[in-house]
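> From the sequence below, what's the structure:
(chains A and B)
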Amino acid sequence: MRLARADNQPPATLAPTPESPRPQNRSMSAPSTAPPATVSPLSPGPTVAALLADAQPGDSAVVRGWVRTRRDSKAGLSFVELNDGSCLSNLQLVLPHDLPDFAERATPITTGASLVATGEIVASQGKNQRVELRVSDFAVPGGADPDRYPLQKKRHSFEYLREIAHLRPRSNTFGAVARVRNRLSHAIHEFFQDRGFLWAHTPIITTNDCEGAGEVFTVTALQAAKLAEAAAGGDFVRDFFGKHAGLTVSGQLEAEVYATSLGPTYTFGPTFRAENSNTPRHLAEFWMIEPEVPFCDLEGDMDLAEAFVKTTVAEVRARCEEDMAFFAQRIDKTLPQTLDAIADHAFVRLPYTEAIDLLKSSGESFEYPVEWGHDLQTEHERFLTETHFKRPVIVHDYPVGIKPFYMRVNEPDEQGRETVRAMDVLVPRVGEIVGGSQREEREDVLVARMKAQGIDPASLWWYVELRTYGSVPHAGFGLGLERLVQLVTGMQNVRDVIPFPRTPGHAEF
RNA sequence: UCCCCGGUAGCUCAAUGGCAGAGCGAGCGGCUGUUAACCGCUAGGUUGUAGGUUCGAGUCCUACCCGGGGAGCCA
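Predicted coordinates for the structure are as follows:
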């Protein structure tokens, strides 16, 4: 009889015990001794991660999560692996078949079902876990019809999982990616905050359409007919902002404003590019980190980028050990050595001009010719970072002709070739992970370059005025969060390191 | 946007122009302190869509849709 079991272990959590009445207990068909389906987020009790790490036999516990797999034993036991997202591992629950009405109540316990269970932690008799939960009562808030539940207890392709983006975080890989991405984001803020950087919230909607950073998504309040009219005439005076507006492609220009007032600054937020890019490295919506530092030159900028990558990668390796071991074992066997190479060596710093000489004398046959003045092709970058140096490479001081107006112009070299203080950090497998530069702080040079690139200085008058009043040397870079996640996890497709990827034709979820 | 490859059961994939299959998953049964469980049985298909060639098309041709990879653009 169920009530006779009420003297079983109360939960070790601060949550209400099963015995205490809880009017907001909404667990469907939960018997009175079953643990409530809701719990205060301020005192939720130990997670599966905490129980697996610290729980001792004899402890009482309540767990809430989702069933990964169930195995029935004719010895009168059912084994249920429960995952609550707190870690990669599942907690094994042991359900004795002599629990009241067991057969009927346990029917909905299938892969994908939600489950709350209370019981006692015991030392596991099995081999694969230190402890397990011997369940004294349970409830199933929501079942998952095994005939229809899309996640089976087997491996799925990433392509398939992308089509069920609302369920894929329940898989091992995507759970691990989500935890690593979260930890990485935390480490990024920590890195900058520890060094006195200010997080500047630069706008999502912008009217700068001249940054040269790709196609812009238009933001408008006009109805279709009016919009077509405005677009045809290039006249948006009647639109919401009185001029053409779009989603930001970069927060850099605004970050420069704050950096030249408040000191070292960084942005961390979503960025949008309306490029028709279809590659495993591009998204229409992605997250970008853009530090900007006053009184800083390109050398300081490169120092910052290198320290940033090394520190954040090391932090994730230290704090996400289980997930990182999973990536090394199941996703990319070479991941540890790739990350070791980042940790153990200084990044190679290679002037563009020397990179050209190196590529030319390498003996490699490239599909695209290597020539001073042309941008490095993907195959060139891969050769440098993956084949030749086998570690991150910072190529710097690129020809002026292939870089945007805001990069600081160098004195011409002895052959009269002009370069700018630009730098790209190239890493194995992912390619360009950082692009940055020292900014042009001389007003006359900046204005001349804007005109040369067909940009009306008046349209960015406020940006130019940073050079009119109290101009200082300054530098910064942009780093794609998703590419950093790819580097850390070994995931090959950028669409699998962001919860809901936006690419051409895809915004379902 | 360009180039290459692919689309067959819920998933992953086989099938010389000639009867559409396997593994896994699912259901049922057996066995078991199980753990990628194991053994047996069962169900499950308009072969991406629309045309065409052929006695006959999953297979060959055309167009389109979708997916993957490479390139460009970049982070």
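
> number of nearby residues for A:Lys243?
Neighbourhood size, A:Lys243 [other CB atoms under 10 Å]: 12. All C-beta spots, glycine's among them, are computed from the backbone N, C-alpha and C.

> Pull the contacting residues for it.
A:Lys243 makes contact with A:Thr207, A:Phe236, A:Val237 under the criterion CB atoms under 8 Å, 6 or more residues apart in numbering.

> What parts of the stretch 251-400 of chain A come near RNA strand B?
Within the stretch 251-400 of chain A, the positions near RNA strand B by CB under 7 Å from any atom of the strand are A:273, A:275-284, A:286, A:288, A:368, A:375, A:377-379.

> Sort out for me which of those residues are in helices.
Under the assignment DSSP state H, those contribute A:Thr378, A:Glu379 to helices.

> Kindly write the PyMOL command that selects the buried subset of the residues of the stretch 251-400 of chain A next to RNA strand B.
The buried residues among these can be selected in PyMOL (16 or more other CB atoms under 10 Å) with this line:
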select buried, chain A and resi 273+275+281+282+283+284+286+288
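
> The helix or strand A:Gln486 falls within and RNA strand B, are they touching?
Under the criterion of DSSP states H and E, A:Gln486 resides in helix A:481-489. Yes: Helix A:481-489 lies within reach of RNA strand B by CB under 7 Å from any atom of the strand, at A:Glu482, A:Arg483.

> who does that helix touch, helix- and strand-wise?
helix A:172-194, strand A:285-294, helix A:298-319, helix A:335-344, strand A:431-438 (3 or more CB pairs under 8 Å, 6 or more residues apart in numbering; DSSP states H and E).

> now the angle from that helix to strand A:285-294?
Here the directions of helix A:481-489 and strand A:285-294 differ by 100 degrees (axes from the mean of the first three to the mean of the last three CA atoms, to 10 degrees).

> tell me the mean pLDDT over helix A:481-489?
For helix A:481-489, mean pLDDT is 95.

> if we look at that helix, which residues are touching it?
Under CB under 8 Å, 6+ apart, the answer for helix A:481-489 is A:176-177, A:180-181, A:184-185, A:188, A:268, A:281, A:283, A:286-289, A:309, A:312-313, A:316-317, A:324, A:327, A:331-332, A:335, A:338-339, A:427, A:429-433, A:491-492, A:494, A:497-498.

> Over to stretch A:116-134?
Against stretch A:116-134 from outside (CB under 8 Å, 6+ apart): A:8-9, A:11, A:18, A:27, A:30, A:34-37, A:51-52, A:55-64, A:80, A:82, A:89, A:91-96, A:135-139, A:141.

> Which ones among those map onto helices?
The members of those that map onto helices under DSSP H are A:Leu51, A:Leu52.

> From the contacts of stretch A:116-134, list the buried ones, please.
Buried residues within the contacts of stretch A:116-134, defined by neighbour count using 16+ other CB under 10 Å: A:8-9, A:11, A:18, A:27, A:30, A:34-37, A:51-52, A:55, A:59-64, A:80, A:82, A:89, A:91-95, A:135-139, A:141.

> now, which of those lie within strands?
Counted as lying in strands by DSSP state E, out of those, are A:60-64, A:80, A:82, A:91-95, A:135-139.

> ok, and of these, which contact RNA strand B?
Among those, proximity to RNA strand B is found for A:Gln92, A:Val94 (CB under 7 Å from any atom of the strand).

> Next one: whichever residue of the stretch 1-150 of chain A sits closest to RNA strand B from A:Gln92, what distance?
Residue of the stretch 1-150 of chain A nearest RNA strand B, by CB to the nearest atom of the strand: A:Gly126 (1.8 Å). In this view, A:Gly126 and A:Gln92 are 7 Å apart by CB to CB, to the nearest Å.

> How about A:Thr271?
Noted for A:Thr271: a distance of 43 Å to A:Gln92, by CB to CB.

> I'd say A:Pro35 and A:Ala139 touch.
Yes: with contacts counted by CB atoms under 8 Å, A:Pro35 reaches A:Ala139, the gap being 6.7 Å.

> dump the residue contacts of A:Arg502.
Residues near A:Arg502 by CB under 8 Å, 6+ apart: A:Leu283, A:Ala284, A:Glu285.

> Would you agree the second one is in contact with A:Glu275?
Yes: when contacts are counted by CB under 8 Å, A:Ala284 is listed as touching A:Glu275 (7.4 Å).

> So for stretch A:347-365, first residue to last residue, what's the gap.
25 Å (CA to CA, to the nearest Å).

> typo on my end, stretch A:410-429
Start and end residues of stretch A:410-429 are separated by 31 Å (CA to CA).

> Same question for stretch A:190-198.
Stretch A:190-198: ends 11 Å apart by CA to CA.

> Averaged pLDDT, it. What do you get?
The pLDDT scores in stretch A:190-198 average 98.

> May I see the buried residues of that stretch?
A:Phe191, A:Phe192, A:Phe197, A:Leu198.

> what about the spatially closest residue to A:Gly251 that is not a sequence neighbour, which SS state?
Spatially, and ignoring its direct neighbours in sequence, A:Gly251 is nearest to A:Thr202 (3.3 Å; CB to CB, 6 or more residues apart in numbering). Secondary structure, DSSP: H, G, I helix; E, B strand; the rest coil: A:Thr202 is coil.

> what's A:Thr202 in contact with, if anything?
Counting by CB under 8 Å, 6+ apart, A:Thr202 has contacts A:Thr248, A:Gly251, A:Glu254, A:Ala255, A:Thr267, A:Gly269.

> Take these and keep only those in helices.
A:Glu254, A:Ala255.

> Make a markdown table out of the contacts of A:Thr202 and add neighbour count.
Listed next are those as a markdown table, based on neighbours: other CB atoms under 10 Å:
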| residue | neighbour count |
| --- | --- |
| A:Thr248 | 26 |
| A:Gly251 | 27 |
| A:Glu254 | 22 |
| A:Ala255 | 23 |
| A:Thr267 | 23 |
| A:Gly269 | 17 |
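
> how about JSON lines for the contacts of A:Thr202, with distance to A:Val348 added?
Shown next, in JSON lines, are these (distance: CB to CB, whole Å):
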{"residue": "A:Thr248", "distance to A:Val348": "32"}
{"residue": "A:Gly251", "distance to A:Val348": "29"}
{"residue": "A:Glu254", "distance to A:Val348": "32"}
{"residue": "A:Ala255", "distance to A:Val348": "27"}
{"residue": "A:Thr267", "distance to A:Val348": "27"}
{"residue": "A:Gly269", "distance to A:Val348": "31"}
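
> Any chance of TSV for the contacts of A:Thr202, columns pLDDT?
As requested, those are arranged in TSV below (pLDDT from 0 to 100):
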residue	pLDDT
A:Thr248	92
A:Gly251	93
A:Glu254	95
A:Ala255	96
A:Thr267	97
A:Gly269	96
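
> Which of the contacts of A:Thr202 sits closest to A:Arg349?
A:Arg349 lies nearest to A:Ala255 out of those, by CB to CB, at 24.0 Å.

> so what's the residue lying closest to the closest one once chain neighbours are set aside up against?
Spatial nearest neighbour of A:Ala255, excluding adjacent residues (CB to CB, 6+ apart): A:Glu292 at 4.1 Å. A:Glu292 makes contact with A:Gln252, A:Ala255, A:Glu256, A:Tyr258, A:Ala259, A:Pro264, A:Thr265, A:Tyr266, A:Thr267, A:His474, A:Ala475, A:Gly476, according to CB under 8 Å, 6+ apart.

> ok, now A:Leu253?
A:Leu253 neighbours (CB under 8 Å, 6+ apart): A:Asn208, A:Glu211, A:Tyr406, A:Leu460, A:Tyr463.

> can you tell me which two in these are farthest apart?
Longest span within the contacts of A:Leu253, CB to CB: A:Asn208 and A:Tyr406, 11.5 Å.

> Correct me if wrong: A:Phe500 contacts A:Ala165.
Yes: shown here, A:Phe500 and A:Ala165 form a contact pair, counting by CB under 8 Å, at 5.7 Å.

> Overlap in contacts, those two.
Common neighbours of A:Phe500 and A:Ala165 (CB under 8 Å, 6+ apart) are A:Phe509.
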